[in-house]
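>>> All I have is the shape, not the residue letters:
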């Protein structure tokens, strides 16, 4: 993923972090975060060959369990159904037809939930699955039912594992559309659940002022006071072939949640104890201040 911002004028120098953000801002707001939505992408859950990264899944479940031991409520928005299905079925490329994607998602979702259930059980926690369509967010009655399910799971100390229902019929997809990516879904879930913090775990450590994979001097942007239209216009990059998201969708998600009074962080999901360090206010990833 190319998690960087470049100048709109072709050939000009990358913009400095101070041109686009307020560096040096504090993260004290995380002290008051009781309800946290964690989004993890396909690239954090699988290897390049599509096989599940069991070590990464276990570290994620351990970190979430540790946050819950601290008294936090955690919702997990997880990509990976199609990616895991590809690896489980031994496919060499992502399918193109909708019917194939739906079938593979149904297989991958089972494998992914099995992995989550096993890992959470190691730390004495349980998880429950919620598969959403757009109607689950936009329809008033369905929205109320989804909210009730989430609230009940959290009251019971169960981790809601939320994903888009990729295996629904084409009629359903055409009826109300899809979320498009799980970055958008995570923002919708954070707003729906009235969360205090959204953490998007990526394969890079936040937002940079240039491409860190091409420029060794690229600077991480530690703190963003407000997501501006300029920042959205200048953000580029797509995700891996197993996933669908990019930095643009993550910044858009952060804009939505911060405008709804929710703080956000984009950080490296592969780093050690990322979630714990975020809650400890360490300078990891990029912090987005609630408006």
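Ah, there it is. Owing to the predicted nature of the structure, the values given are computational and were not obtained by experimental measurement.
>>> biggest helix in this structure by residues?
helix 98-122 (DSSP state H).
>>> hmm, who's touching that helix?
With C-beta atoms under 8 Å, 6 or more residues apart in numbering as the test, helix 98-122 has contacts from 45, 52, 54, 57-58, 60-62, 64-65, 76, 78, 80-86, 88-89, 91, 95, 126-127, 129, 131, 159, 161, 163, 166-170, 173. (C-beta placed from N, C-alpha, C; glycine too.)
>>> Any chance of a ChimeraX selection covering the buried ones in those?
In ChimeraX, a selection of the buried entries from the contacts of helix 98-122 looks like this (16 or more other C-beta atoms under 10 Å):
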select :45,52,57,58,60,61,62,64,65,76,78,80,81,82,83,84,85,86,88,95,127,129,131,159,161,163,166,167,168,173
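>>> Which parts of the stretch 1-150 of the chain are helices?
17-20, 42-45, 54-69, 81-88, 98-122, 135-138, 140-155 (DSSP state H, counting those that start in this stretch).
>>> Can you pull out the low-pLDDT segments for the protein?
Within the chain, the stretches with pLDDT under 70 are 1-25, 168-180, 233-245.
>>> how about a cut-off of 80?
1-25, 49-50, 135-136, 166-180, 209-215, 230-246 (pLDDT under 80).
>>> In it, mark out all the strands, start to finish.
4-5, 35-40, 73-78, 126-132, 158-164, 197-202, 207-208, 220-221, 223-224, 235-236, 263-268, 286-288 (DSSP state E).
>>> how about the helices of the stretch 1-150 of the chain, which one is nearest residue 251?
Of all the helices of the stretch 1-150 of the chain, it is helix 17-20 that lies closest to residue 251, at 10.7 Å by C-beta to C-beta.
>>> Who's the closest spatial neighbour of residue 130, skipping the chain neighbours?
Excluding its sequence neighbours, the residue lying closest to residue 130 (C-beta to C-beta, 6 or more residues apart in numbering) is residue 162, at 4.7 Å.
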